[in-house]
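In: dropping a prediction and its sequence here:
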Amino acid sequence: MVKKGILALLCAALLLCAACGGRQPGETVPAEGAAVTDVLGSTARLASDARVVCGYASFAQCWMLAGGVPVGVTDDALTERGLDLPEDTAVVGTTKHVDLEKVAALEPDYVMLSADLTAHLELRDTLERMGIPCGFFRVDTFADYQALMAQLCAVTGREDLYRANVTEPGTRIGEILAAVPKQEDRSVLLLRAYASGVKAKGDDILAGVILKEYGLRNIVDDAPSLLEDLSMEEIIRRDPCWIFVVTMGDEAAAAAYMRQNLESDPAWNGLSAVQEGRCVLLPQDLFHYKPNERWDESYEYLAKILYPDLF
């Protein structure tokens, strides 16, 4: 009877091992996915091997940083980001013109779109009618990036990638912020330049967020009219300590517009920031495009300019 009992226990153990796929002690359990909630409050549950289409290069990169591989991307993933994608990755149009026929042909489990683009928001009803789950996201700050990556890494089960691509740069950002002296007496003018214009910006772009965290005062906070009308008279009156310029689109064309419409103006050249070399063009890869896993580099880039003795 004892032998029969032992035999029964051994059989049960073998059946249990078979049910577990023969997994050995210490072997990693494959991720079963997780729920993802977008900024509009919609939730979808994704498997770790979900077929994801990204309508924005930054989101495609985030999915890849979390260990996923997008099955479809918009062309900016190639032309602007130069992402290392498999050859069979489909291009489903441009950021502003996502081709839903191409999206549907990929039979995606999820489509990631931008909550800041009207062209994307207008796709929501159509995608829902097609039975394709979609989510809308916004990444303007490191905290936004952190929250998105926490969800994506939960889906893929890659805690190691979260540590490498989020925790480590976040630690460095904390170190930089701890070392930066808050000098609220220093003012700044932040400009976004493009081929046909230039506008003053506040903390609605990432350079503005970082400058605010560093304690600099953006002159648009005291003169919000500058956001609509870049008045040289008002800029002269405020005479900012620093001027930072972020370009979008064709950087050479944006620089040409600046030369023709601002730098040729004697009043502009009379500003102390211009005369004393404190007018700085910021690199697109760290300040126009979302820096993602390089967010700490964006913080450090500005810190080295503002506090050269510390960094």
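Out: Looks like it came in fine. Residues are numbered from 1 along each chain as shown.

In: now do the strands in the stretch 201-311 of the chain.
Out: For the stretch 201-311 of the chain, the strands defined by DSSP state E, counting those that start in this stretch occupy 217-218, 242-247, 279-282.

In: could you dump the ones you listed to JSON lines with mean neighbour count and mean pLDDT?
Out: Any C-beta I mention is one placed from the backbone N, CA and C, and that applies to glycine too. Below are the strands of the stretch 201-311 of the chain laid out as JSON lines (neighbours: other Cβ atoms under 10 Å; pLDDT from 0 to 100):
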{"stretch": "strand 217-218", "mean neighbour count": "20", "mean pLDDT": "95"}
{"stretch": "strand 242-247", "mean neighbour count": "23", "mean pLDDT": "97"}
{"stretch": "strand 279-282", "mean neighbour count": "18", "mean pLDDT": "96"}
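
In: and these: which comes nearest V198?
Out: Smallest distance to V198 across the strands of the stretch 201-311 of the chain (Cβ to Cβ): 8.0 Å, for strand 242-247.

In: pLDDT below threshold where in the stretch 51-200 of the chain?
Out: Within the stretch 51-200 of the chain, the stretches with pLDDT under 70 are 183-184.

In: what ranges do the strands span in it?
Out: Using DSSP E, counting those that start in this stretch, strands in the stretch 51-200 of the chain cover 52-54, 72-73, 90-91, 110-114, 134-137, 187-194, 197-200.

In: mind checking those for the one nearest to R278?
Out: Across the strands of the stretch 51-200 of the chain, R278 has its closest neighbour in strand 187-194 (9.3 Å, Cβ to Cβ).

In: residues in contact with the closest one?
Out: 198-202, 205, 207-208, 211, 216-220, 230, 235, 238-250, 253-255, 257-258, 273 (Cβ atoms under 8 Å, 6 or more residues apart in numbering).

In: how near is the closest residue to W242 other than its chain neighbours to E276?
Out: Spatial nearest neighbour of W242, chain neighbours left out: V188 (4.5 Å); criterion: Cβ to Cβ, 6 or more residues apart in numbering. Here the criterion is Cβ to Cβ, to the nearest Å. By it, V188 lies 14 Å from E276.

In: neighbour count winner among those two?
Out: V188 (22 against 10; other Cβ atoms under 10 Å).

In: any idea what the more buried one is bridged to?
Out: Taking DSSP bridges as the rule, V188 bridges to N218, W242.

In: end to end on stretch 130-146, go ahead and measure it.
Out: For stretch 130-146, the first-to-last residue distance is 31 Å (Cα to Cα, to the nearest Å).

In: ok, stretch 123-139 next?
Out: In stretch 123-139, first residue to last residue: 19 Å (Cα to Cα).

In: swap in stretch 95-114?
Out: Start-to-end, stretch 95-114 (Cα to Cα) is 9 Å.

In: against L123, how distant is the residue positioned nearest the centre of the chain?
Out: For the chain, the residue nearest the mean C-alpha position is K290 (3.8 Å; Cα atoms, centre = their mean). According to Cβ to Cβ, K290 stands 20 Å off from L123.

In: do R237 as well
Out: R237 sits 45 Å away from L123, taking Cβ to Cβ as the criterion.

In: what about those two, which has more around it?
Out: Comparing R237 with L123 by other Cβ under 10 Å, the one with more neighbours is L123, at 20 against 10.
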